[in-house]
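Student: got a predicted structure here, sequence first:
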Amino acid sequence: MTGSLTGPGQATAASPVSELERLLGDATVPGNAVGNATILAADERCETLAEGERLLGRSGFNAHWVPAELGGRFHRLDGLIEVIRTVYRRDPALGLGYGAGSFIAAVNVWAAGSPRQRADLATLLLRGGRAACSYRALAGGDGRGGTSLVAFPTPGGRGRLLTGRAEWIVNPRHADALVLFARTDSAPGERSHSQLLVHRSFLLGAHARHLGRARLAGMRGVGFGGVEFAACPIPDSAVVGVLGGGTETALRSSALARIALTGMTCGLLDTALRTALRCLAGRRLYGGTAADLPLTRTVLAEAFADLILADAFTVVAARAVHTAPARALTYAAAVKALVPRVLIDALDRLSGLLGSQFYLRTGRYAIFQKLLRDALSSASEPAPRTTSLADLLPQLPLAARGGWSQPDAEPLAEQTFRLGADLPGLRYDALSAAASGDDPLARSLAADADRLRPDSDDRLEHAVASRARACLQELARLAADCSALPTPYLAPTAPAHVFDLAERWTGVLATAACLGLWRCNGGEGDEFIGDPVWPLAALHRLDAHLGRHHDPLPEELAARLHTELTRREEAGLTFDLACHPTSA
Amino acid sequence: MTALASGRPSTGAAAANESSLPGRVAATIAAAKAAPIAAASAAPFGTGLIADGADAPFSPVRRATLDTRDAFPDAECAVLDASGVAAAYVPAALGGADGGLPLLVDTLRTVSGEDLTVAVAHVKTFLGGVSVWVSGHPDQQQHLAKLILDGAVVSWGLTERERGSDLLSGQLSATPNPGGGWRLDGEKWLINNATRARLICVLARTSPAGGPRGFSVFLVDKHSLSPGTWRCLPAEPTHGIRGADISGIAFAGAEVAADALIGPVGSGIETVLLGLQLTRIACVSLSLGAGDHALRLALELAGHLELHGTPQLRLPHVRRALGRAGASLALAETAATMAARCAHALPGEASVVSSIAKACVPILIQEMIAELADILGASAFRTDGPDHGAFEKLERDHRIVPIFDGSTPVCRNALFNQFPTLVDAHRAGRVADAGLSIAADPAAPLPDLDTAALSLVSRTGCSVVQALPGAVQRLAARAGTHGGAAARMLGLAQRLSSLTDEVTTRMAGIRPSARSVPAEAFALARRYELCFAGAAAIHRWLAQPTASTGGLRLEAALGRAIQLLDPGQAEPADVLAADLLTAPVAAGAGAR
């Protein structure tokens, strides 16, 4: 199986990403049925890109979220992200509506389903079928955006009756299988919910109906819907895996979903940045082109650095799911808390550069405003971003007294940082919801500080090493600030400054991700991945996103990044670390 | 809704009550909302919507429908016409309302607090007329004033396709006719109300070689043009302000009379640049209204949300975010108010003040809207939520404000060009005391706007900023005798003063440049703007030191300026802001 992905810049003609890029064709060509013009027209009508769905279906795209052991192509989370990100580069609504939506539903069954359930779902998906799931966490005071399903046993004891509403489901009308989260035991506690795998046929009877479509400013081609059940009979075999395991399964799958969806969204910024570059290169201003102006080059370079920062953090988190599964939920929450804002901030600043060109819904660069709306509409889960920060709060004192303060604690396995390298298989049962004090990603900073190119004469390489040391000091300060947090401060009702502590933690983790990647990749030749410019720029941007400064990227870093940016645009390469050929 | 959350301190001689223009406009809008549209509009820009009792002008449902359909808000503009808003577009001496730019800012804030599309569509007439107020001769001014007061729509055509804000590259030309009058050839594009307006003021190239003296302004009345010599260009669908008429006009040998020329031949660029000083200040009112509306909507939407079993509005981190948003709005309005009054009291400094206001205020509000969206999650971007998509429409609509009429980079570049004067004047401690005390005191009568005193560059720098050390001394004296609020203000003011010194020192270190303006220059311009805004809060506070609730609002504004300049700082006004700005409003949330 060609599921394994190569390292940066080494995409081969046979890789799934290249395959998909070839199928999608040049986005800017007017006649392309999955080109920008068609995508924008579908967006205007709030319609799904039908030709895109057909194309993906015909190409066996579904195999990418069916585990390899069940006949599919999924065996690494970073590999999955890379493939679906390719679709996000073209149309995020297509990526979410067709691909990611099925993945985040199916992963519940991969994680906890019986062998029969797993095999059946695999067969369904490999044949081109689709899955969808309900969103678990949010409860609105008026029932909005929440899930309130119950499935108690029938009086006769055989089967269950499903009642209630499930909202924020991606494309429920197209789903062949629905994964629903429901209360299955009236007693309180952690074993009172289960996942249910419900086939499409159950939605056709009198006991179920589709709810109206929720409409957002962006992602307009995605049908966000819901279902409502009224004592709908379902068999006991609908329960995914063991009864009462719903909460645990949902937590595990949400960890994978958070990392995957965030990682895919980097593709959106890739195309937005490409679009901005092209627009500015063509614009004549004050006797030159807009791209010649220092401000333009700096803002473009900053957006490039933002993309790399986002990519670095998500790819490390995705790979760490394999090498440190017990920390997956934590790193997923950190990624979800930090990265969406990085992407949106980059889009905002690019829109400021484009000026009135950004504001038009027609014309050569109109795809940009669609991408901005798509990003804004998908940044939240729909719960606000701070929910992810809240998830980190209970971990703070444990980590402070645990991994952060133990110099000998285990760092992340080095292979985690080596892009394209093989990883151990995904062990769903090891994705633990239990809080612990370990933090192997943060501990990797010690290796960065010790071993970062000590023989180098390069001033920038030394700057990277100092960053590592500074981050370790920040970790020590964070440990001191968090070790004595009282229990009431670990809930969402905590004082605002406690959320700031969690945000500082996300900064430490993102730093560790960047430095680890830089240390463990490249190092020979003049590949970009080995250039200290990118971690320095990414960390400068990270500090800006954490609110530590409002300074522009230093001129030296901006110039070098801008050169790399234009090189890649001219060569038709992506701007993420993988640096693939692209037809966006 | 308390005065705090809506944030409407008076800016000029007219207080915000029923007898003032803003008050009348607000009352007219409220009455319109309560009454259905009597009949479908027959005007050329009619929406074709069938009148329906539920679709009153400015109603949330109708607002959403118009936006979805890219339909012009004709009924809403008619309501504004009836309320007499146009009086704010005309100088008092020509029959307009008394109160100048501050009145215009207040009035437009009321409108943009309801719907930005409507505000943008209507205020364009002020932009269209401003060239005539600056450079027209009295006959031309009286003629246009009468037309505007009678309801004429006037557009302003500056930009062209592929030329952006580079006015000197404009190709639309005006060629003199041997027998008198001019012939216009060329296009203006992406022009608000180009189609809807009867009159359009265009910037035309009158010397083929172009250059700063190579352009002139013409007021073109479509009624006077021969058919076939002109046409409107199609409307462009836009990301936000979707219902607005963003189109263009093309001239092919269109003949205009000699008195269509506004100001001397070759004075066009200067006229436009001076006019922009006024329009940039006026347009920040769009942001203020958007900020008011965004805060109201956020409180309403958050009121529906529960997270982890707790109402979202009770969570401390949410309240902090709301408090910061309120403080940003307070800072924005302080800067806007001061800028509007400076145009009257310190007209020679308007070039600096207008660049500052137009760069600073829209970005403050844009960032505030983004932070509110952050705490709301997906509900911020629903088009079918309890707010009928008002928040997401506002978010899209507002993005035009930092872009048009002098984008943020353009305004910061303009400020950069005056860095040497600003640095010198700051070091010399130059202050135009009389003008500043009028500008700072909302109760002080404002002199009429003197367009002849406007200047392309400010010879006296920026008194608001330069007066900061003096203001600190006055605060110190007051703190000595009064303690309390004065002492708190003193601490903040000292911090701002030292930050301002740092900024001006760094400004001194940047070499002036025509072409290659470094990115750092834009960052410094941003910092200088925040120093202005914070200083404005201090001067305003000193003008009315015993005002209690208004005083706390100014303190929050100043604290916010410092926070945006120096992120590591503790936020003394944070808790203050959160409680003051959200608690009373939370109780009334949903009442609107």
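Tutor: The structure has been received and is ready for your questions.

Student: so where's the chain shaky on pLDDT?
Tutor: Because you didn't say which chain, this covers chain A. Residues of chain A meeting the criterion pLDDT under 70: A:1-13, A:136-147, A:285-287, A:452-455, A:523-526.

Student: if you could check chain B rather than the one you did, that'd help
Tutor: Along chain B, segments meeting pLDDT under 70 span B:1-18, B:36-54, B:548-549, B:569-592.

Student: mind telling me which residue of it is nearest chain A?
Tutor: Going by CB to the nearest CB, chain A is nearest to residue B:378 of chain B, at 3.1 Å. Yep, even glycine has a C-beta here, placed from its N, CA and C like the rest.

Student: helix, strand or coil: sort out the nearest residue to that residue once chain neighbours are set aside for me.
Tutor: In space, and not counting its chain neighbours, residue B:378 is closest to residue A:382: 3.1 Å by CB to CB, 6 or more residues apart in numbering or on different chains. For residue A:382, the assignment made with DSSP: H, G, I helix; E, B strand; the rest coil gives coil.

Student: would you map the strands across the chain?
Tutor: Because you didn't say which chain, this covers chain A. Taking DSSP state E as the test, the strands found in chain A are A:131-133, A:139-140, A:149-153, A:160-170, A:177-183, A:193-199, A:208-210, A:224-234, A:284-285, A:288-289.

Student: please refer instead to chain B.
Tutor: B:154-157, B:173-176, B:182-192, B:199-205, B:215-221, B:230-233, B:246-256, B:261-262, B:305-307, B:310-311.

Student: what is the orientation angle of the fourth one with strand B:215-221?
Tutor: The one in question is strand B:199-205. Relative orientation of strand B:199-205 versus strand B:215-221 (axes from the mean of the first three to the mean of the last three CA atoms, to 10 degrees): 160 degrees.

Student: check the offset of strand B:199-205 from the chain's centre.
Tutor: Mean-position distance between strand B:199-205 and its chain equals 22 Å (CA atoms, centre = their mean, to the nearest Å).

Student: quick one: contacts of it?
Tutor: B:128-129, B:131-132, B:144, B:147, B:152-158, B:167, B:170-174, B:182, B:184, B:186, B:188, B:191, B:194, B:214-222, B:249, B:262, B:268-269, B:272 (CB atoms under 8 Å, 6 or more residues apart in numbering or on different chains).

Student: what's the answer for the last one, then?
Tutor: By CB under 8 Å, 6+ apart, the surrounding residues in contact with strand B:310-311 are A:141, A:492, A:493, B:303, B:305.

Student: now these as JSON lines including distance to residue A:437 and neighbour count?
Tutor: JSON lines is the format used below for those (distance: CB to CB, whole Å; neighbours: other CB atoms under 10 Å in any protein chain shown):
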{"residue": "A:141", "distance to residue A:437": "36", "neighbour count": "12"}
{"residue": "A:492", "distance to residue A:437": "21", "neighbour count": "21"}
{"residue": "A:493", "distance to residue A:437": "23", "neighbour count": "17"}
{"residue": "B:303", "distance to residue A:437": "38", "neighbour count": "16"}
{"residue": "B:305", "distance to residue A:437": "33", "neighbour count": "25"}
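
Student: can you list these in JSON lines and add distance to residue A:485?
Tutor: Shown next, in JSON lines, are these (distance: CB to CB, whole Å):
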{"residue": "A:141", "distance to residue A:485": "29"}
{"residue": "A:492", "distance to residue A:485": "14"}
{"residue": "A:493", "distance to residue A:485": "13"}
{"residue": "B:303", "distance to residue A:485": "29"}
{"residue": "B:305", "distance to residue A:485": "26"}
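
Student: so which of those belong to helices?
Tutor: Using DSSP state H, the subset of these located in helices is residue B:303.

Student: just give me the closest of the contacts of strand B:310-311 to residue A:39.
Tutor: Lowest distance from residue A:39 to the contacts of strand B:310-311 (CB to CB) belongs to residue B:305, with 32.2 Å.

Student: hmm, that closest one is touching residue B:375, no?
Tutor: No - distance between residue B:305 and residue B:375: 9.2 Å, which falls outside the contact criterion (CB atoms under 8 Å).

Student: which neighbours do those two have in common?
Tutor: Contacts common to residue B:305 and residue B:375, judged by CB under 8 Å, 6+ apart, are residue B:312.

Student: which residue does the stretch 301-450 of chain A bring closest to chain B?
Tutor: Per CB to the nearest CB, residue A:382 is where the stretch 301-450 of chain A lies closest to chain B, at 3.1 Å.

Student: how many neighbours does that residue have?
Tutor: Residues near residue A:382, counting by other CB atoms under 10 Å in any protein chain shown, number 27.

Student: my guess is it meets residue B:377, correct?
Tutor: Yes - here residue A:382 reaches residue B:377: they are 5.2 Å apart, a contact under CB under 8 Å.

Student: quick revisit: closest one to residue A:559 among the strands of chain A?
Tutor: The closest of those to residue A:559 is strand A:288-289. By CB to CB, the value is 16.4 Å.

Student: hmm, who's touching stretch B:423-437?
Tutor: B:342, B:345-346, B:348-349, B:444, B:460-467, B:469-470, B:500, B:504, B:507-508, B:539, B:543.

Student: residue contacts, the residue nearest to residue A:407 when sequence neighbours are not counted?
Tutor: Nearest residue to residue A:407, sequence neighbours excluded (CB to CB, 6+ apart): residue A:446, at 6.6 Å. Residues near residue A:446 by CB under 8 Å, 6+ apart: A:407, A:411, A:472.

Student: deepest in the core, which of the strands of chain B is it.
Tutor: Across these, averaging neighbours per residue (mean count of other CB atoms under 10 Å in any protein chain shown) puts strand B:154-157 on top, at a mean of 28.

Student: residues in contact with that strand?
Tutor: B:124-125, B:127-131, B:144, B:147-148, B:172, B:188, B:191-194, B:196-203, B:248-249, B:279.

Student: same check on stretch B:509-518?
Tutor: Applying CB under 8 Å, 6+ apart, the external contacts of stretch B:509-518 come out as A:286-288, A:293-295, A:555, B:413, B:416-417, B:419-420, B:520-521, B:524.
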